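Engineer: Take this sequence and fold it.
(one chain, ligands or ions: 1)
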Amino acid sequence: MTLKSKVVYLLLAIALVMSVPLAIVRGAGNRSPVRARSVIFLMGDGMGATQRDAIQLVTVGPYGRLTMDQLPYTGMMSTNSVDPKTFVTDSAAGATAWAIGRKTYNGAIAVDAQGKPWPTLLEEAKQAGKSVGLVTTSQVTDASPAAFGAHVEDRDEQSEIARQYLESSKVDVILGGGEDYWYPKGDPGAFPDHPKEDPEEGSKGNRGNLVREAKRLGYTYVTDRQELMAARGPKVLGLFANEEMFQQRPEGEGAVYSPVVSLPEMTQKAIDILSRNPRGFFLFVEQEAIDEMGHNNNSELLMKAGQELDKSVGVALDYAKESGDTLVLVTGDHECCGLTLEGPDDPKYPDEDGREIKGNISGEDGPFKVARSSYRFKTDWTTTGHTPVDVPVSAYGPYADRLVGNYENTHLHEVLQQALGLGPNGMPETGRGWWGHLAAFWRTLTSHLP
Ligand SMILES: [Zn+2]
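Structural biologist: Next comes the predicted model:
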């Protein structure tokens, strides 16, 4: 043992001896809110700061605040991945950073850069006796929800992801699109193959009939709004479209955003079912259309989808205020498509032609009406791909204050583990009773060991 480590040990021993009586004195009055019993994690895929501003302008105008902007704690998050070809993340690596706390390559679903699987927040919550749910307007097996409930090396393995939801991670509530991956080819399920709005859609599952498997495992299976509203749980599988619950296209080319069940309704139903568990729950809610409409430089439907996400934040916040021990957070996995906002064009500086997305010239949309005013604004895109700019994180509830600052996306993983008391970061905290001091002492001690 070197002299330096002897000094460290001595100082730590003194700290321990002194902290125990102090902690006993402070302990009784310093216990709440110790943890989040539940977490509701809402995500706008592709939602950066500008997307939020655009949604704000069309919803509440330049001086109003969206519900997501009213959450009391805000931070900025870096989203970059460690892909061999690029540092600009995709949704798979972005959500994996949250789910397992490790940066990885694009396309990875809850495996690290070497392809090794690690436990996800959702799995740890389940193991701790909580209920868990995944809600999205995308395929339920798409990259973002998948990173919480499955481990595969390639995000395209959507049937395997579905199988793992049912058989490995045992997700209690699964709501979204993507029925095509649950039925084998030739068995259309509830949504016909090759519909006229998108003839490419059709069942393509390669893990058998997973809807039958879900029913065998005790899931209530629903395919429309009415059935969902009537579902009692505790296990519900709702598939509401062949693929995404919307059609992503540029404006005027058949783009549609009108899901058969709205995102706020799905969010409310998931909370109703999951919150019956006295041990709490972990719920991930995604609005995929912000990203997909962004890729198509379709601002109008991006903003419509964003308004639906903001209503879902309202649903989550109402529950959190009532429950008192629920952490709500809202963020995006990356920015999409270099969106910026402008006033109406100055005739002296006309914009580049905004309609030529396919010719790789940046698109411009609008003018759009600014809510609660006579103003108008335009949106301008610089690309049809993801960008590496930081995205805002907003939070409410226990541990929300730890999301202030500027940090990596993996930080969310640590905070959520701490908030829920899960995994290696979930040990009791300093200042939360003598056991917390002992645990903090142990962590400090082990971090100094050679
Ligand atoms: Zn995208």
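Engineer: Quick check: next helix or strand after the longest strand anywhere in the chain?
Structural biologist: The longest strand of the chain (DSSP state E) is strand 131-139. Where DSSP states H and E defines the elements, the next helix or strand beyond strand 131-139 is helix 143-149.
Engineer: Go ahead and name everything in contact with that next one.
Structural biologist: 43, 45, 90-92, 94-96, 98-100, 107, 109-110, 120-123, 132, 134-136, 138, 152, 155, 158, 161, 164-165, 169, 171, 176, 284, 286, 288, 333 (C-beta atoms under 8 Å, 6 or more residues apart in numbering). Where C-beta positions appear, they are placed from N, C-alpha and C, glycine not excepted.
Engineer: So which of the residues you listed belong to helices?
Structural biologist: Among these, the members found in helices (DSSP state H) are 91-92, 94-96, 98-100, 121-123, 158, 161, 164-165.
Engineer: which two of those residues lie the greatest distance from each other?
Structural biologist: L121 and Q158 (20.8 Å; C-beta to C-beta).
Engineer: Figure out the length between the terminal residues of stretch 327-339.
Structural biologist: 29 Å (C-alpha to C-alpha, to the nearest Å).
Engineer: For the stretch 301-450 of the chain, which segments count as strands?
Structural biologist: For the stretch 301-450 of the chain, strands defined by DSSP state E, counting those that start in this stretch occupy the ranges 326-331, 335-336, 340-342, 364-369, 376-380, 386-387, 391-396, 405-408.
Engineer: that older thread, which one (most neighbours) among the ones in helices among the contacts of helix 143-149?
Structural biologist: Using other C-beta atoms under 10 Å as the neighbour criterion, T96 leads the ones in helices among the contacts of helix 143-149 with 38 neighbours.
Engineer: Which residue is the nearest non-sequential neighbour of that residue?
Structural biologist: A147 (4.5 Å; C-beta to C-beta, 6 or more residues apart in numbering).
Engineer: distance of that neighbour from L121?
Structural biologist: 10 Å (C-beta to C-beta, to the nearest Å).
Engineer: Now the common contact residues for the two.
Structural biologist: Common neighbours of A147 and L121 (C-beta under 8 Å, 6+ apart) are 98-100.
Engineer: ok, the residues you listed vs P192, which is closest?
Structural biologist: A99 (33.8 Å).
Engineer: So that closest one is in contact with H413, correct?
Structural biologist: Yes. Counting by C-beta atoms under 8 Å, A99 touches H413, with 7.0 Å between them.
Engineer: which neighbours do the two share?
Structural biologist: Joint contacts of A99 and H413 (C-beta under 8 Å, 6+ apart) are L121.
Engineer: Pull out the buried residues from stretch 191-209.
Structural biologist: 191, 193, 198, 201-205, 207, 209 (16 or more other C-beta atoms under 10 Å).
Engineer: Touching that stretch from outside, list them.
Structural biologist: By C-beta under 8 Å, 6+ apart, stretch 191-209 touches 159-160, 162-163, 179-189, 223, 239, 241-243, 247, 254, 256.
Engineer: That stretch: end-to-end distance?
Structural biologist: 15 Å.
Engineer: quick check: mean pLDDT across it?
Structural biologist: Averaging pLDDT along stretch 191-209 yields 96.
Engineer: Any idea how many residues pack against V256?
Structural biologist: 15.
Engineer: which residues does G205 bridge with?
Structural biologist: P184 (DSSP bridges).
Engineer: Make sure M266 is actually in contact with L175.
Structural biologist: Yes. Between M266 and L175 a contact is recorded at 4.6 Å, counting by C-beta under 8 Å.
Engineer: What number of residues are in the vicinity of S374?
Structural biologist: 6.
Engineer: All the helices of this structure, residue numbers only.
Structural biologist: Using DSSP H, helices in the chain cover 3-27, 49-59, 91-100, 121-127, 143-149, 158-167, 210-216, 225-230, 263-274, 289-295, 299-323, 410-420, 434-448.
Engineer: can you tell which of these is closest to V39?
Structural biologist: Going by C-beta to C-beta, the one of the helices of the chain nearest V39 is helix 410-420, 6.0 Å.
Engineer: Please work out which residues outside the closest one touch it.
Structural biologist: 35-36, 39, 41, 77, 97-103, 121, 124-125, 128, 130, 280, 282, 327, 329, 331, 393, 398-399, 402-403, 422-426, 429.
Engineer: Just the buried ones from these?
Structural biologist: Of the contacts of helix 410-420, these count as buried by 16+ other C-beta under 10 Å: 35-36, 39, 41, 77, 97-103, 121, 124-125, 130, 280, 282, 327, 329, 331, 393, 398-399, 402-403, 422-423, 425-426, 429.
Engineer: which regions of the protein lie under the pLDDT threshold?
Structural biologist: Applying pLDDT under 70 to the chain picks out residues 1-33, 345-362, 427-450.
Engineer: One more pass at 80, please.
Structural biologist: Residues of the chain meeting the criterion pLDDT under 80: 1-34, 345-363, 425-450.
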